[in-house]
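Visitor: When you get a sec, could you give me coordinates for this:
(chains A and B)
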Amino acid sequence: TQLLEQSPQFLSIQEGENLTVYCNSSSVFSSLQWYRQEPGEGPVLLVTVVTGGEVKKLKRLTFQFGDARKDSSLHITAAQPGDTGLYLCAGEDNYGQNFVFGPGTRLSVLP
Amino acid sequence: DVKVTQSSRYLVKRTGEKVFLECVQDMDHENMFWYRQDPGLGLRLIYFSYDVKMKEKGDIPEGYSVSREKKERFSLILESASTNQTSMYLCASSPPDSGNEQFFGPGTRLTVL
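Guide: Below is the predicted model:
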């Protein structure tokens, strides 16, 4: 079973700051998703990346898939309290046989 | 928009009780999933289904069973609830060939006393 590790586990920052969270594995993934989960709700899909080196932007969020497709990062510019939540990465292996979630990074943006 | 609904947001049961968690999706998705979410462990797949009356074990199926009699409904059953099944249970659905882009329900927080 593959593992996805996420770092940091917790992050608390002030409104307006920039931040980057990471998702890493020793395995190659055919695709990787990022989800955000707000307290008391289910995760909501933010983006899917499939190509090594791919960069996708969603307003103030920038997602990058590593060249080797083993890792990904999420960068948030000028964080806002509405960005608070649990950020989960999830990936499918190259054989389409395993799909796993990472443990998440819990982000708190203070006003 | 896809809507996935779960029968209860909060549930309290006693050890040994039989527990039914219901999930309904309104987008005619073939794939449906049940996860449990525990702090520091992320989401762990219990069971999934690719079609009506089909079910496949996920990573942690022990102590659970599922039923998919209709395409839109996927039920999770705890035959005899135990305290270690206290958790957040999340249902999700996805269309075929979606690249694992799943739509989640709001979750059911189950406490087993």
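
Visitor: give me every residue that touches the closest residue to B:Ser98 other than its chain neighbours.
Guide: Using CB to CB, 6 or more residues apart in numbering or on different chains and skipping residues adjacent in sequence, the residue nearest B:Ser98 is B:Asn31, 7.4 Å away. For glycine as for every other residue, the C-beta is placed from the backbone atoms N, C-alpha and C. Applying CB atoms under 8 Å, 6 or more residues apart in numbering or on different chains to B:Asn31 gives the contacts B:Phe48, B:Ser49, B:Tyr50, B:Ser93, B:Ser94, B:Pro95, B:Pro96, B:Ser98, B:Gln102.

Visitor: which of those residues has the most neighbours?
Guide: B:Gln102 (29 neighbours; other CB atoms under 10 Å in any protein chain shown).

Visitor: contacting residues for that one?
Guide: With contact set as CB under 8 Å, 6+ apart, B:Gln102 has these partners: A:Pro43, A:Leu45, B:Asn31, B:Phe33, B:Ala92, B:Ser93, B:Ser94.

Visitor: Same question for A:Gln33.
Guide: Contacts of A:Gln33 by CB under 8 Å, 6+ apart are A:Leu45, A:Leu46, A:Val47, A:Thr48, A:Val49, A:Cys89, A:Ala90, A:Gly91, B:Gly99, B:Asn100, B:Glu101.

Visitor: any residue of the helix or strand containing the second one up close to chain B?
Guide: Remark: A:Leu46 resides in strand A:44-49, with elements defined by DSSP states H and E. Yes. Applying CB under 8 Å from any CB of the partner chain, one finds strand A:44-49 touching chain B at A:Val44, A:Leu45, A:Thr48.

Visitor: what's in contact with the next helix or strand after that strand?
Guide: Sequence order places strand A:55-58 as the next helix or strand after strand A:44-49, per DSSP H and E. Defining contact as CB under 8 Å, 6+ apart, one finds that strand A:55-58 is touched by A:Leu46, A:Val47, A:Val49, A:Thr62, A:Phe63, A:Gln64, A:Phe65.
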